[in-house]
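Participant: I would like to see how this sequence folds:
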Amino acid sequence: MVSVKKKQFSLALVLGVIITSLLMGLGASVTLYTYQMQAQRALTDTGVIFDASSRRTEEKLRDLTHAVESFVTVSSVLEELKLSGTEKFIRLLQYFHHSFLNIPWMDSFYVGYEDGRFSMIQAIRGRESIRAAFSAPKKAAYVVKNILINPPGQSRVELQFYDSRLQLLRTEAKAYAGFDPRTREWYQDAITHDQAVITRPYIFFTSREIGFTVSHSLHGAKGVVGGDSLLTSITTLLQQQRLTKSTEIMLSDNAGNILLSSSERIVSRLQKIRKADASSELNVKDLESPLAGVLHKEFVSIKAEGGKIIRVNGEEWFG
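Facilitator: Below you'll find the predicted structure:
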C-alpha cells in the first residue's frame, strides 16, 4: 500500500498569493490607466502646442498686414505735404529699411495711384533673379522704382539703387510701357475696401516668382498701397513652426485649393502651374498623398477652426 502525503499550505501563504495576485492585477490596471492618461495628456499637450504654433504663425503673417496699414497712414500724411511719389519714397527709406529687417519675409512695398503712377521699393536680399531683372549693381540692397506719367499719356521709369547703408549707388531713367497698377488684382481688390485685403498666390510681375500681396486703399481712394511676400519665404517661416521634422503645415481654402505650404516641393509645383495658367489651382486632391484630401474633407465637414482632433485610418490628426 502506497502512502500519499498531503501537501498543506499555510493560511499566510494562501493570503500572500491572493494579495500578490491582486497587487499584480491592480498594478496592471494602474499601468494601463497611467498609460491612457499619459496618452490623453500627450494629445492634449500636443493640441496646446499646435494652437500656440498656429498663433505664432498668424502673428508673424499679421506683421505684414500691420506694416502695410502703417504704410497707408504714413503715405496719407505725406500726401498732405504734396510730395511726389519719388520724394515720398526717399523720405520713407529708413522706414522701409527697418521694415525689411524686422520682417524677413517681406519682399517689396509699393503704391499705385489713381492716375497710373507707381512707386516701389524692392529688397534684393541677395536674389540674382531680382538683380538681373533690374541690372542692379553688385552692392545694391534696394531698388526704388518710380513710373511717372509726364506728359499725360506718356510714361517713363526712374530707378535708384541703394546699398545696405542707404547710400545711393546709381540712378537711371528711360521710357517705359507695359505696366499699369490699376489693372492689377491687388489694386482692384483694395480700392473699394476700407481694410487690408490679401490676394491669392500669383506670379509677380518683376521676379516671375510666386507670392501674395497684402494691399490697402489710401484715404480718399487716391490709390492703393501694397506689400509682397514670396511663398518660398513663407515656406521657411512655416518650417520654423513645425512640431516635428515630419510635420507638414498647409493652408487651403474651403474648396481645397492650396494657398500656403511648408513643403518646398508643393510651392514649386504651384508656381509651375500658375506660370502656365494664372487661373489654375493646385488642389489637395491633386497631391501624391491621398491623406491630405481626406483630412481636408474631414476638417471642412466638422468646420474645424483649429485645435481639433480627428481620426483617419486609425490615426489621430490635429488641424
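Participant: which residues touch stretch 229-242?
Facilitator: The contact list for stretch 229-242, computed with Cβ atoms under 8 Å, 6 or more residues apart in numbering, reads 53, 56-57, 60-61, 64, 104-107, 201, 204, 207, 209-214, 248-249, 260-264, 267, 270-271. Where you see a C-beta, it was placed from the backbone N, CA and C, and this is true even at glycine.
Participant: which members of these are classed as buried?
Facilitator: Neighbour-count burial (16 or more other Cβ atoms under 10 Å) applied to the contacts of stretch 229-242 gives 53, 57, 60-61, 64, 105-107, 201, 204, 207, 209-214, 249, 260-263, 267, 270-271.
Participant: out of these, which are inside strands?
Facilitator: 210-214, 260-261 (DSSP state E).
Participant: turn those into CSV, columns for distance to residue 283 and pLDDT.
Facilitator: Shown next, in CSV, are those (distance: Cβ to Cβ, whole Å; pLDDT from 0 to 100):
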residue, distance to residue 283, pLDDT
210, 16, 93
211, 20, 93
212, 18, 90
213, 22, 91
214, 24, 88
260, 14, 88
261, 12, 88
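Participant: and the residues you listed, which is closest to residue 145?
Facilitator: residue 213 (15.8 Å; Cβ to Cβ).
Participant: what about the residue nearest to the closest one when sequence neighbours are not counted, helix or strand, and which?
Facilitator: Nearest non-adjacent residue to residue 213, counting by Cβ to Cβ, 6 or more residues apart in numbering: residue 186, 4.0 Å away. Assigned by DSSP states H and E, residue 186 belongs to helix 185-190.
Participant: report the separation between the residue lying closest to residue 228 once chain neighbours are set aside and residue 283.
Facilitator: Spatial nearest neighbour of residue 228, excluding adjacent residues (Cβ to Cβ, 6+ apart): residue 107 at 4.2 Å. Look at residue 107 and residue 283: by Cβ to Cβ, to the nearest Å, they are 26 Å apart.
Participant: again, but for residue 231
Facilitator: On the measure of Cβ to Cβ, residue 231 and residue 283 end up 16 Å apart.
Participant: neighbour count for these two, which is higher?
Facilitator: More neighbours surround residue 231 than the other of residue 231 and residue 283, with 25 against 15 (other Cβ atoms under 10 Å).
Participant: direction included, what does the helix or strand where residue 228 lies pair up with?
Facilitator: Using DSSP H and E, residue 228 sits in strand 223-230. Using DSSP bridges, strand 223-230 pairs in its sheet with strand 108-113 (antiparallel), strand 210-217 (antiparallel).
Participant: any idea where the helices of the stretch 101-250 of the chain begin and end?
Facilitator: Using DSSP state H, counting those that start in this stretch, the helices of the stretch 101-250 of the chain run over 128-134, 185-190, 231-239.
Participant: so which of those gets nearest residue 167?
Facilitator: Comparing those under Cβ to Cβ, the one sitting nearest is helix 128-134, at 17.2 Å.
Participant: kindly check the end-to-end length of stretch 246-266 for me.
Facilitator: 15 Å (Cα to Cα, to the nearest Å).
Participant: look at residue 319 and report its pLDDT.
Facilitator: With respect to pLDDT, residue 319 scores 61.
Participant: residue 216 now?
Facilitator: Reading off the model, residue 216 has pLDDT 88.
Participant: how much space between it and residue 125?
Facilitator: 23 Å.
Participant: swap in residue 212?
Facilitator: Distance from residue 212 to residue 125, by Cβ to Cβ: 17 Å.
Participant: residue 297 - nearest residue in space that isn't next to it in sequence?
Facilitator: residue 256 (7.9 Å).
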